[in-house]
Every structure is written in structure tokens, then in C-alpha cells.
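Q: Mind folding the following:
(2 chains)
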Amino acid sequence: MQLKQILIAAVASSALALTPAAARAQNPTVPEGVRLGLNYTLGTKPGVLVLPMDSTGGDSVRAILQRDIDYDDRATVITLDDQSARAMMPKTGDDFNYPIFAKLGVVAILRPQRSLTGITITMYDVAAKKRIQIGGFPLTDQVNSPAWRMAVHRASDEVERWIFGTPGAAATRILFSGGDKQIWVIDSDGENARKLTSVTLAMSAAWSPDATKFVFCGFTPSGSQIAVYSFITGDLHWLSGTARGLNITPAYSPDGRTIAYASGSEGGTDIMVMQEGDASPSRRITVGRGSDNTSPSFSPDGRQIAFMSGRAGHPEVYTMDADGTNPSLLTEFTYGEQAYRASPDWAPDGRRIAYESRIDGNFQIMTIDMRDRSTKQYTSDGQNEDPSWAPDSRHMVFSSTRTGPRQLWVLDAESGRMRQLTHAAGARLAAWSPILKP
Amino acid sequence: MRKMILATPLAMLFAGCFATQSDVQVLQSDIRTLRGEQLAADSARKIQMDRALASMRTANDSLDALSTRLTRFRSDMTSSMSSVQQQLLQVQELTGQSQRRIQEVRASLEERQSATAPPDSTGAPATPGPNALFQVAREQMMQGSNAAARQAFQDLITKYPKSDVAPDAAFYIAETYAAENNTAAADSVYARVASQYAGSPRAATAIYKRGVAAQAAGNGDKARDLFNQLIKKYPRSDEAALARDRIKTIK
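A: Here you go, the predicted structure:
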């Protein structure tokens, strides 16, 4: 078989190759100027094997790395039982028996090892029969604590960057409204779910761009109001610039300074903007003239907003400039058709907008390409709603009744592969975080 | 004299005491007649009152019916108005979408024409039409190639100054400057759009954009002037509605 080899980048620097692993383990970052390299067949998912790691938490490190690489959907994880994998590890001073790995379909070998401050991961290129990358990752917290697991997720993301040139999205969390109508957070791999709020009817959480806080709406004696929760302090404060009544679907602008949300009155629902920390009243940016305009989602450059509007008689997705000008129908409008398209979410790379669309009575997840306006449907079973993009602009989280009770699911927009994220009933209105910094 | 004064009342008293029985009967009969007439009059009045009340009730019922009819009519009118408004909005949306489609079709036609047209006398290929140029420029803009987009929009205006898409092209030139944070250049081009294409919907947007930029730059007086100018010139535009809200926030 003739393989069309592609080279993502060049090989690692010779200086790195000559540096003892123990010494490099002191350095938690990949040295400057190192170039990446891995050979694999174009159009296929390269096989990646993660070797076992001795020491406390070694099994967890291996399991998390394997799962993250699998969930990233760009590589195929070659799984070997512990004994077989250990048998394939070289004895001290020897090199790997690369042809055996090649027969197993392994393109890259990842070898995690304990270091003084955490772990060191070494990547070997099976085709080139050499080590091509090494990096140290600090793991200072208690084994399997949320912070420790997040640190391993960061290592996974970096390994993805070694292989593909762009990092993964494992070091992220997802906010959602639970069945108890409170805001919950869960790791991207479905671990560490915990409740964050205790207010009435909390929903529609949205991350701040730096992921240090989130904005959501909850019910108060003044109606549905907007609040901000800080992960740093654990405090929650209600924003004062909102009017009494219905205030829903808040979202942060990419610079984190503006919060857009929908505010309802007898004359319809319009999208408002306010500056966080500024007590002055919010300012309207849609002129709905009695129609409902909700669910704002900023473009990555902050210059535009996608939103849902019923101004044409039924809900459709529109875009407008962030100052409220140039409103334009984005989704396909067919006269006489009672379509329902809502909950837009602009992908972090700006290329697509995900939304829900009612098709044959059920809501399905769709995307629309911002360049040619071509649409794509991703789901067909049950009710599928409220999509939210991962920072890799490839995965989406959404709520679905495909297996009965409403749960959160993760979808790979490239392959269409799905996995269930939550298992408690009633989860909905999810929001995927940016990459979480240490 | 004193005797005469006493005699007169006495005489009168004796005369009364001696009234006959028939006189009493006549008196009683008169009283009965009077009572009868009184009762008859009361009865007639009651009938009249009842009639008047019935008439009033009828009138009230008619008024109620009229009022209900009026309310229903008003409701129908409101519903019809709302429906008409809704249809108008739908028509606007469809018009917008259709315009986009027409533009795409025109661009496609122009591309085909220019591909099949023979080169001019100098041997240069036929130039693309305004819609094809517009399409190319928009694509450049969406890719973030602001300078290339600006050049294409400028070519369009230079070659086809009377084209339908010339106001949009001028507006997008300003947008490309705004995307590059060149606020001075953007303001200048927006001003040109507002003056040269005052009949285009882009004019109101251009004035609004200038006002927003002025407000963001801390120039409240200029922003207020521009918003007031917008409200005066295009009072029914969406931008005027937004400008009214904006004026309230100028410090």
C-alpha cells in the first residue's frame, strides 16, 4: 500500500534529544524552539499507544490520557492490557521494538513517567523509530482530586498539540442547568459533577472569556434576574442594571466587559447590553417591535451577535452588528413554513453557528456555515437542543432525550460520533468553557 | 261694641253645627272621587315609569351590544393590523433574502458573461459586473482581508457609481476601516455614505455608527448631535429607535 506521508512539522532539536530525561523533568514546559513531527497516513486517525506508568496514580494518568485522546476524536487509541504493554517496554538502555508497534497500527507511543514535580511524557514516532517529543507536567495536588485530574487533562491537550499541531479540549468544564434547576459544573470527560448555585430556577449559564466566572439567570422577587458567580471567591452577585421582570439568556462578550441578555416586557422581548460593574441601566440593541429576541451569542471577534428572533412570525436565527445595526436573517426562511430555529452558538473559530431546528416535530442540532450558508444536520433521534461549542470548534455539547430522560451529550462535528456526558436526568442548557488555565 | 265682637264667632259656630247629612255624603263622595282620580293618575304614572325604564333597559342593552360589537371590531382590527404588520415583516425578511439571492444570481450571470465575452480591443478580458465585484469584495471581507475587500468595493464604486449596490459598497468600505480600528477613516466614509446616499437604508446606519463611535471616544456632544440628526432625518428607522435609547446614556 502506498502511503502518502505527511509531515506535520520537523523533528525535535538535537539539543533536546541529548538532554537527560531526569533533568528535563525539572522543567515543566516544552523547551522553546522545539518543532513537532509525526508521520501518519493522510485521512486516517493515527494509532496512539499509551504505555503504563509505575507509581501512585500511574493507572489514573494512563486512563485519563487514553480517554482524552479517544474523546478528542483525532487519533485511535490502541489499547493493550497492562501486562502486554509492559512486555513491550524496552529494558534499560534498549530501544523499542518499533516493527511490533507498527504491526499493531501504532503510529505514536506515549510514555508517561513519574518526575520530581509531576509527570514527564515522551512521544516516540514509530515510523521514524525515534523519540520526537518530551514534556514535563506538574502534578502537585492529591492524586485524583479535581485539580490533579485537570492537570492531567492539560498534559493530554499538549500531547494532542504534539501530534496534530493544535491542542485538544480536555482541560475544560461544562456548566449546565440540572434537573434540580440549579447550575452544575462537570469536567469535559464527565467526572467531578458538582452543584454551584442554590437560587430559584437557575439556568442559562455562560462562561466569562477567562473562565473565572459565569453569568446566569435566576428567579428573584423582582422576576428573573441576571447574576454572576465567581469561581475565585465562590461569591454570587445580582446585577443591578436589569429591569424588573423577565431577564434571560445572558452571554459575555469576548472581551469580558459586556453582558448581553434578553429582557422581556409587554411590548416583546429585546436584547439588551450592560457593562458588568456599571450600575447604569442596560441599553437595548434590538428593535423587535413586539417580537421576541433572545439568546445572544457573540462572534469570536466581538463585532457581531447571533440571536434568535420571532420578528418574521416564527423563531429564526439572525445576526447583527454588536451595536444593534445590520440585523440580517441567517437561517433559511420559507414563506408559510412554521419553522423554529433557536439557541444559536457561534463557534470559537468563527466559521459556523450551531443552533437547534424543529424538524418533523422534534428539535435537532444543526450548523450553518458563515461563508456559504450551507447547513448540516447532526442528530435525528429524540429532542436535541441547546448546542454549545467546545474551544476546539469541533465538539459540541447539547441536551438530548435520545435515550429517554434529558441528558447532556457530546458530539464530534467532524465524525458525528457522540458520547453521553451526564447521567442524572433533566440536564440541559449546557455551556462549554474555554481552555482552563492553571 | 264689645258685645258685637263676641256675637260673630258664636253665630258662625252655630251655623256649622247644623250642616245636613247630605252635605256630609257629598263631601265623602267628593273625597272618594278625588282618591280614585289620584289612584288612576298614580297608576298611569307607574305605567309610564315602567315604560320609560323598559326603554332605558332596551337602550342600555343596545348600547351594550354596540359596545361589544365595537370591542370585537377593535380586536379584529388590532388582530388584522398585527397580522398585516407581521406579514409586512415577513415580506421584508423575504425581500432581504430575495435581494441576497438576486444578487448572487446576478453575480453568477455577470461571471458567466465576462467569461464568455470576447476580450476588448486591447486584449484585456471583460471586466466583471457590479454584483460579481460586490460578491468578491464581500468574500474578501468575510475572510478578514480588509484591504483587498476595500479595493474591490472601491473598484465597484469607480466603475459602476450608479449601481444598486454602490451604497452598500461605500458602507462596507467604512466597515473595513472600522474592522481595522481606523476610526477616523471609518467616520469619514460613513459621513460620505450618509450624504451621498441619503435615500439608501445605509444612510441611517452610517449616521448611527458615527454616533456610536463618537460616544465610545468620549465625545458626547458630537454623539448627541449625530443621534438627533438621525432621529430627525429617519424617525421611523430602527437606528432612530436605538439612537433614542443611546441619547439617554450619554453622560
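Q: Can you give me the buried ones in stretch B:228-242?
A: B:230-231, B:234, B:237-242 (16 or more other C-beta atoms under 10 Å in any protein chain shown). (C-beta placed from N, C-alpha, C; glycine too.)
Q: Go back to those residues and keep what's next to chain A.
A: Under the cut-off given by C-beta under 8 Å from any C-beta of the partner chain, chain A has B:238-239, B:241-242 from those close to it.
Q: sorry, back to before: may I see the buried residues of stretch B:228-242 arranged in TSV, with secondary structure and pLDDT as well?
A: Supplementary listing: those in TSV, determined by DSSP: H, G, I helix; E, B strand; the rest coil; pLDDT from 0 to 100:
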residue	secondary structure	pLDDT
B:230	helix	97
B:231	helix	97
B:234	coil	96
B:237	coil	94
B:238	helix	93
B:239	helix	95
B:240	helix	96
B:241	helix	94
B:242	helix	95
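Q: rewinding a little: the ones next to chain A among the buried residues of stretch B:228-242: which two are farthest apart?
A: Farthest-apart pair in these is B:239 and B:241; separation 7.3 Å (C-beta to C-beta).
Q: Run through the stretch 1-150 of chain B and note the low-pLDDT ranges.
A: Applying pLDDT under 70 to the stretch 1-150 of chain B picks out residues B:1-19, B:82-83, B:85-103, B:105-107, B:109-126.
Q: quick one: contacts for residue A:76?
A: A:45-48, A:105 (C-beta atoms under 8 Å, 6 or more residues apart in numbering or on different chains).
Q: Format these as a markdown table; extra columns: neighbour count.
A: A markdown table is the format used below for the contacts of residue A:76 (neighbours: other C-beta atoms under 10 Å in any protein chain shown):
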| residue | neighbour count |
| --- | --- |
| A:45 | 16 |
| A:46 | 20 |
| A:47 | 19 |
| A:48 | 27 |
| A:105 | 15 |
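Q: By pLDDT, rank those residues and give me the bottom one.
A: Lowest pLDDT of the contacts of residue A:76: residue A:45, 88.
Q: give me phi/psi at residue 245?
A: I'll assume chain A. phi 110, psi -140 (degrees, to the nearest 10).
Q: ok, what's across the strand from the closest residue to it other than its chain neighbours?
A: Among residues not flanking residue A:245 along the chain, residue A:223 sits closest, at 4.5 Å (C-beta to C-beta, 6 or more residues apart in numbering or on different chains). Judged by DSSP bridges, the bridge partners of residue A:223 are residue A:220, residue A:245.
Q: thinking residue A:223 is in contact with residue A:244, fair?
A: Yes - counting by C-beta atoms under 8 Å, residue A:223 does reach residue A:244; the two are 5.4 Å apart.
Q: Which one of the two is surrounded by more residues?
A: residue A:223 (16 against 13; other C-beta atoms under 10 Å in any protein chain shown).
Q: From chain B, how far off is the more buried one?
A: 21 Å (C-beta to the nearest C-beta, to the nearest Å).
Q: Which pLDDT does the model give that residue?
A: 93.
Q: Quick one: residues contacting it.
A: A:244-247.
Q: one more time with 10 Å, if that's ok
A: A:217, A:242-248, A:263-264 (C-beta atoms under 10 Å, 6 or more residues apart in numbering or on different chains).
Q: do the same with residue A:97
A: A:88-90, A:103, A:129.
Q: Go ahead and build a ChimeraX selection from the buried members of those residues.
A: Selection of buried members from the contacts of residue A:97 for ChimeraX, criterion 16+ other C-beta under 10 Å:
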select /A:88
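Q: now, which of the contacts of residue A:97 sits nearest chain B?
A: Nearest to chain B among these: residue A:129, at 41.4 Å, using C-beta to the nearest C-beta.
Q: ok, for that closest one, nearest residue in space, not its chain neighbours?
A: residue A:98 (4.6 Å).
Q: ok, now which ones touch the residue in the stretch 101-250 of chain B positioned nearest to chain A?
A: Proximity to chain A, evaluated over the stretch 101-250 of chain B using C-beta to the nearest C-beta, is greatest for residue B:238 at 4.1 Å. Contacts for residue B:238 were tallied using C-beta under 10 Å, 6+ apart; they are A:286-289, A:320, A:324-327, B:201, B:204-205, B:208.
Q: Make a PyMOL selection of whichever of these turn out to be buried.
A: Burial among the contacts of residue B:238 is assessed by 16+ other C-beta under 10 Å; the matching PyMOL selection reads:
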select buried, (chain A and resi 286+287+288+320+324+325+326+327) or (chain B and resi 201+204+205+208)
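Q: I appreciate the help and will end here.
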